[in-house]
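**Q** The sequence isn't on hand, but the structure is:
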Ligand SMILES: Cc1cc2nc3c(=O)[nH]c(=O)nc-3n(C[C@H](O)[C@H](O)[C@H](O)COP(=O)(O)O)c2cc1C
């Protein structure tokens, strides 16, 4: 490939660049990957409604989300372990997001801490928190994020337990590996000299920046899984949102909602937005695609809070389909992780530029100049 032209080209570049366990960790989903595949397949199945000769020449992809101006309706979703895909990966991604004029959301389980990201970028970023048992630790994390200037809290509610991802098990990411497997892993690592030089050699320290005291080493997913198993709390209910509310001053976004009643509960506890999401097909395998449930959630609660969506967005056309189905903006998970693994900050920037160009062309061909004009009529009936 001479020049990567699309998000899927960046996926291929990431596949070449990363040792297999890390590529599969990004690329894979839970169990049979049914929901992972449905996210993209259901977007593909939607048809856009072409209009002609409508004079759409001043295309403006900008919008606002939670009062913040975005150059395009796209947000970088929280993606764990990004500092293992490229050197100090979260810092590189946050910089690319700032330059592109879109928000970056830092995962709880990032390699770079909130303080490191804050020191490296002038734009405020978002912080994602998982439901964790140790309230003292959670409170401390929220305080650190606020002190680091984070404006928006993304509270992820669809991971009360860790669903099995077969690819991670097969690659020995979650448990000890027999000798033959360890040799195969070492051989695989040795074949990825660029990554070895960039990440393990120049990208240290490879610890979970926000959890450094709790989880000493980040190189095995097993360490993270052990922490998740001990800390994630399936007993949490909507009532616990009061606790989150009382420890966070800014906007709260509830991420991982697929059900209308759950969306109403999110509005009821004062959330500013929900992310219609199935965690990129990484949790409940067999759950519907995000795009298929988005319209009914938008219809039910769109008047009370902002509706974001993620899962399967791979092009500007997909962004338009999500907006036409009721989203105010989309979150991107894998696309930015592929860009980062392929070419660091420049790769994330290029992925964002590709999406924006594709959205501009799509809007022209739909005959609309502003993203707020992308309504249900943009989909072919
Ligand atoms: C490698 C990887 C790591 C992720 N880590 C987190 C995380 O730490 N916190 C979180 O809320 N969601 C996490 N997600 C889910 C994303 O935020 C997002 O919901 C999902 O990737 C969207 O689907 P897409 O990858 O098809 O864009 C992760 C997703 C991937 C692919």
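**A** Perfect, I can see it now. Remember, predicted model here, so these are calculated numbers, not experimental data.

**Q** can I assume residue 275 sits in a strand?
**A** Yes - counting by DSSP: H, G, I helix; E, B strand; the rest coil, residue 275 is found in a strand.

**Q** Can you tell me the closest non-neighbouring residue to it?
**A** Spatially, and ignoring its direct neighbours in sequence, residue 275 is nearest to residue 255 (3.9 Å; CB to CB, 6 or more residues apart in numbering). (Each C-beta comes from the backbone N, C-alpha and C, glycine too.)

**Q** and the host helix or strand of the one you found, which strands flank it?
**A** The secondary structure element spanning residue 255 is strand 251-257 (assigned by DSSP states H and E). With DSSP bridges as the test, strand 251-257 is paired with strand 152-156 (parallel), strand 273-276 (parallel).

**Q** what about the last one, average pLDDT?
**A** Per-residue pLDDT values across strand 273-276 average out to 98.

**Q** how close does the residue in the chain that the ligand sits nearest to get to residue 359?
**A** Closest approach between the chain and the ligand, counting by CB to the nearest ligand atom: residue 333, at 1.9 Å. For residue 333, the distance to residue 359 under the criterion CB to CB, to the nearest Å works out to 18 Å.

**Q** Among those two, which residue is more densely surrounded?
**A** Neighbour count, other CB atoms under 10 Å: between residue 333 and residue 359, residue 359 has more, with 24 against 21.

**Q** leaving aside the residues next to it on the chain, what's closest to the more buried one?
**A** Nearest residue to residue 359 in three dimensions, chain neighbours excluded: residue 316, at 3.5 Å (CB to CB, 6+ apart).

**Q** try residue 347
**A** Distances taken as CB to CB, 6+ apart place residue 339 nearest to residue 347, at 3.6 Å, with adjacent residues excluded.

**Q** and the residue nearest to residue 359, how far is that from residue 330?
**A** 10 Å.

**Q** Of the two, which one has the most company?
**A** Just comparing residue 316 and residue 330: by other CB under 10 Å the higher neighbour count belongs to residue 330, 28 against 22.

**Q** tell me the contacts of the more buried one?
**A** Contacts for residue 330 were tallied using CB atoms under 8 Å, 6 or more residues apart in numbering; they are 73, 74, 75, 308, 309, 310, 313, 318, 319, 322, 323.

**Q** Distance of the nearest residue to the second one once chain neighbours are set aside relative to residue 133?
**A** Spatially, and ignoring its direct neighbours in sequence, residue 74 is nearest to residue 102 (5.1 Å; CB to CB, 6+ apart). In this view, residue 102 and residue 133 are 33 Å apart by CB to CB.

**Q** Have a look at those two and say which one is more surrounded.
**A** It is residue 102, of residue 102 and residue 133, that has more neighbours when counted by other CB under 10 Å, with 25 against 13.

**Q** show me what contacts that one?
**A** Contacts of residue 102 (CB under 8 Å, 6+ apart): 70, 71, 72, 74, 75, 76, 352.

**Q** tell me the secondary structure for the third one?
**A** Of the three states, residue 72 takes coil according to three-state DSSP.

**Q** Would you agree it is in contact with residue 59?
**A** No - distance between residue 72 and residue 59: 10.8 Å, which falls outside the contact criterion (CB atoms under 8 Å).

**Q** more crowded one of those two?
**A** More neighbours surround residue 72 than the other of residue 72 and residue 59, with 24 against 15 (other CB under 10 Å).

**Q** Spatially nearest residue to the more buried one (excluding sequence neighbours)?
**A** In space, not counting the residues next to it along the chain, residue 72 is nearest to residue 61; the distance is 4.2 Å by CB to CB, 6+ apart.

**Q** tell me the phi and psi of the one you found?
**A** In terms of degrees, to the nearest 10, the main-chain angles of residue 61 are phi -90, psi 0.

**Q** swap in the one 3 residues further on?
**A** With angles defined as degrees, to the nearest 10, residue 64 shows backbone torsions of phi -130, psi 140.

**Q** Distance of residue 2 relative to residue 12?
**A** Relative to residue 12, residue 2 is positioned 13 Å away (CB to CB).

**Q** So those two - more neighbours on which side?
**A** A direct count of neighbours by other CB under 10 Å for residue 2 and residue 12 places residue 12 higher, at 14 against 4.

**Q** Can you give me every residue that contacts that one?
**A** By CB under 8 Å, 6+ apart, the contact list for residue 12 reads 1, 4.
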